[in-house]
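>>> Fold the following and give me the result.
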Amino acid sequence: LRSALAALLVLSIILITRRSLQMPLRRRLAAFAIGAILALYSYGLLAAIQFIPVALAVLIFYTFPLLTSAYTWMSGRERPTLLSVTALLVAFGGLALALDFRGGQLNLEGVALAAMAALGITIVVILNNRLVGTSDSHPITLHMMLSATCLCALITLMRGDFVLPQTAAGWTSLAVGTSFYALAIVTVFIAMSLAGAVPTALSMNLEPLASMTFGFLILGQALSGLQLFGAGLVIAAVLSVRLAESRKPGPKGVVTR
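Below you'll find the model as predicted:
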């Protein structure tokens, strides 16, 4: 339902702005394939919050910019710098503090699901950047969302576990959750068109902070002082890498993401 509503809103933007939906068959199939990975990483993140606090799940997921940087090193596209290597070490050290493995109370299944989500979004970002290139990203995003919707629907029907809410509170939560997800997708596009990719990416550093805040206010999931310190290290490390990347000149003077 989340991806279906997001696809509907992206389609609305395409129709309103009169963008073309035409693309080569190979590019279309590639977009569908990336959408399948998108569905898997979405499942990983949503399933993780059943076992570990929302803030920790998002914090693990939030390491994907560092994983993307690590891929560029291993692929030879970029050489690691002292800043990037230090940030990677600091981030994973901070993540270890935030997860607080002492006492064995942390659910490893939740950690594994969140890590799967981080790896999945890393793959999606890498493949999507290759696929989009200098073309319009909206049609590709639409195909990705459609693919994710179909895959989720198929698996759900095969498992037979599609159960609609039985209470007014359940319906309200479903409507609010899906609407905010779709609204986020659309506003990211708007932000990129108005402010550019780099400021938009930097503003998304608020995500783990928002998760900690709302996790506490809505769900009562409070983190210890040590965990908050570790989360701060992760956020600072990712922010430093993104700021460094924003200063790299791209083609024709455009700043890269």
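>>> Please identify the helix or strand for V163.
Assigned by DSSP states H and E, V163 falls within no helix or strand.
>>> do you know how far it is from R18?
Using C-beta to C-beta, to the nearest Å, we find V163 at a distance of 40 Å from R18. Backbone N, C-alpha and C define where each C-beta goes, glycine included.
>>> Equivalent analysis for G232, please.
Counting by C-beta to C-beta - G232 and R18 are separated by 45 Å.
>>> The two: who's more crowded?
Neighbour count, other C-beta atoms under 10 Å: between G232 and R18, G232 has more, with 15 against 6.
>>> Phi, psi for the more buried one please.
phi -60, psi -40 (degrees, to the nearest 10).
>>> Chain neighbours aside, what residue packs nearest to it?
Spatially, and ignoring its direct neighbours in sequence, G232 is nearest to G94 (7.0 Å; C-beta to C-beta, 6 or more residues apart in numbering).
>>> Show me what the helix or strand containing the one you found is packed up against.
Using DSSP H and E, G94 sits within helix 82-99. Where contact means 3 or more C-beta pairs under 8 Å, 6 or more residues apart in numbering; DSSP states H and E, helix 82-99 is packed against helix 54-61, helix 64-74, helix 225-246.
>>> Could you dump those helices into CSV with mean pLDDT added?
Shown next, in CSV, are those (pLDDT from 0 to 100):
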stretch, mean pLDDT
helix 54-61, 89
helix 64-74, 82
helix 225-246, 82
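>>> deepest of these, which one?
Counting by mean count of other C-beta atoms under 10 Å, helix 54-61 has the highest mean neighbour count of these, with a mean of 26.
>>> For it, name the packing helices and strands.
Counting by 3+ C-beta pairs under 8 Å, 6+ apart, helix 54-61 packs on helix 25-48, helix 82-99, helix 108-132, helix 206-219, helix 225-246.
>>> tell me the mean pLDDT for the shortest one?
Meaning helix 206-219. Taken as a whole, helix 206-219 has an average pLDDT of 85.
>>> ok, and what's touching that helix?
The list of residues contacting helix 206-219 from outside it, by C-beta atoms under 8 Å, 6 or more residues apart in numbering, reads 53-55, 57-59, 62, 221-223, 228, 231, 234-235.
>>> ok, now the second one?
Applying C-beta under 8 Å, 6+ apart, the contact partners of helix 82-99 are 56, 59-60, 63, 66, 69-70, 73, 106, 111, 223, 226-234, 236-238, 240-241, 244.
>>> what angle sits between it and helix 108-132?
150 degrees (axes from the mean of the first three to the mean of the last three C-alpha atoms, to 10 degrees).
>>> ok now helix 82-99, how far from the chain's centre?
19 Å (C-alpha atoms, centre = their mean, to the nearest Å).
>>> May I have that helix exported as CSV, CA atoms only?
Output of helix 82-99 as CSV, limited to C-alpha atoms (Å, rounded to 0.1, in the frame of the first residue of the first chain):
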residue,chain,number,x,y,z
LEU,A,82,41.9,9.8,5.5
LEU,A,83,38.6,11.6,6.3
SER,A,84,36.5,8.9,4.7
VAL,A,85,38.3,6.0,6.3
THR,A,86,38.2,7.7,9.7
ALA,A,87,34.5,8.5,9.3
LEU,A,88,33.8,4.8,8.5
LEU,A,89,35.7,3.6,11.6
VAL,A,90,34.0,6.2,13.8
ALA,A,91,30.6,5.4,12.5
PHE,A,92,30.8,1.7,13.1
GLY,A,93,32.4,2.3,16.5
GLY,A,94,29.5,4.6,17.3
LEU,A,95,27.0,2.0,16.0
ALA,A,96,28.5,-0.6,18.4
LEU,A,97,28.0,1.8,21.3
ALA,A,98,24.4,2.6,20.2
LEU,A,99,23.5,-1.1,19.8
